[in-house]
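# mind looking at a prediction? Sequence and model below.
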Amino acid sequence: MPAQPLGASTLAGRGFAPQAPVVAPAGAWQLRDSEDTRRWNLLEWSLALTMHGDQLAGQQADVVGFVFHEPGLGPDAFYVTRFVITCCAADGAAVGLPVLWADGGTLAPDSWVRVHGRIETSTLAGRPQLAIVATRVEPIARPAYPYLYP
């Protein structure tokens, strides 16, 4: 792991597709009614949203990631983001969820947060998309293992 983990400055240089496909075989993600979505990490959310989209509206989310401010997203919105590593930092792909929160614009890029809320369809950057409508955003320390692995 690099001394400083991949973060918002890496995204600014690469571009960001928050639900970019991460290696997952067809049928690898099955949505079950009994699933507690509050236990999902950002990789699991990314896979589920890619495969099941609007079926997830109304579900509870409790995720950890770093703050990334996408230009044009809006003053009260940010992405909660993690990098997924399959081999090494060079192959890192970012996954994230947009978050609507009244103080979203005040969060420092690369600061780590835990976001609690509900998945809802919202208009962000002029288009409808699923986002976490946050009920609580807590600043936290960077996790000992900041990357997710498939």
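Structure received.
# can you map out the helices along the protein?
Assigned by DSSP state H, the helices in the chain fall at 8-14, 42-52.
# and the closest residue to residue 46 other than its chain neighbours, how many neighbours?
Closest residue in space to residue 46, ignoring its immediate chain neighbours: residue 95 at 4.0 Å, by C-beta to C-beta, 6 or more residues apart in numbering. Using the backbone N, CA and C atoms, a C-beta is placed for each residue, glycine as well. Residues near residue 95, counting by other C-beta atoms under 10 Å, number 28.
# same check on residue 105?
By other C-beta under 10 Å, the residues close to residue 105 number 13.
# dihedrals phi and psi, the closest residue to it other than its chain neighbours?
Using C-beta to C-beta, 6+ apart and skipping the chain neighbours, the partner closest in space to residue 105 is residue 75 (4.4 Å). Phi and psi for residue 75, reported as degrees, to the nearest 10, are phi -70, psi -20.
# if I look at residue 112, how far off is residue 90?
Distance, residue 112 to residue 90, using C-beta to C-beta, to the nearest Å: 22 Å.
# between the two, who's got more neighbours?
Neighbours of residue 112 and residue 90, each counted by other C-beta under 10 Å, are more numerous for residue 112; the result is 19 against 7.
# partner residues bridging that one?
residue 66, residue 140 (DSSP bridges).
# tell me which residues touch it, please.
For residue 112, the contact set (C-beta atoms under 8 Å, 6 or more residues apart in numbering) comprises 64, 65, 66, 67, 139, 140, 141, 142, 143, 146.
# kindly state the beta-bridge partners for residue 96.
On the basis of DSSP bridges, residue 96 is bridged to residue 81.
# with the one 4 residues further on instead?
Listed by DSSP bridges, the beta-bridge partners for residue 100 are residue 77, residue 133.
# my guess is it contacts residue 80, does it?
No. Assessed by C-beta atoms under 8 Å, residue 100 is found out of contact with residue 80, at 11.2 Å.
# list the residues that contact both of the two?
residue 132.
# which of those two has more residues huddled nearby?
residue 80 (30 against 19).
# from residue 145, how far off is that one?
From residue 80 over to residue 145 the distance is 17 Å, taken as C-beta to C-beta.
# and what of residue 71?
29 Å.
# more neighbours: which of these two?
Set residue 71 next to residue 145 and count neighbours by other C-beta under 10 Å: residue 145 wins out with 9 against 6.
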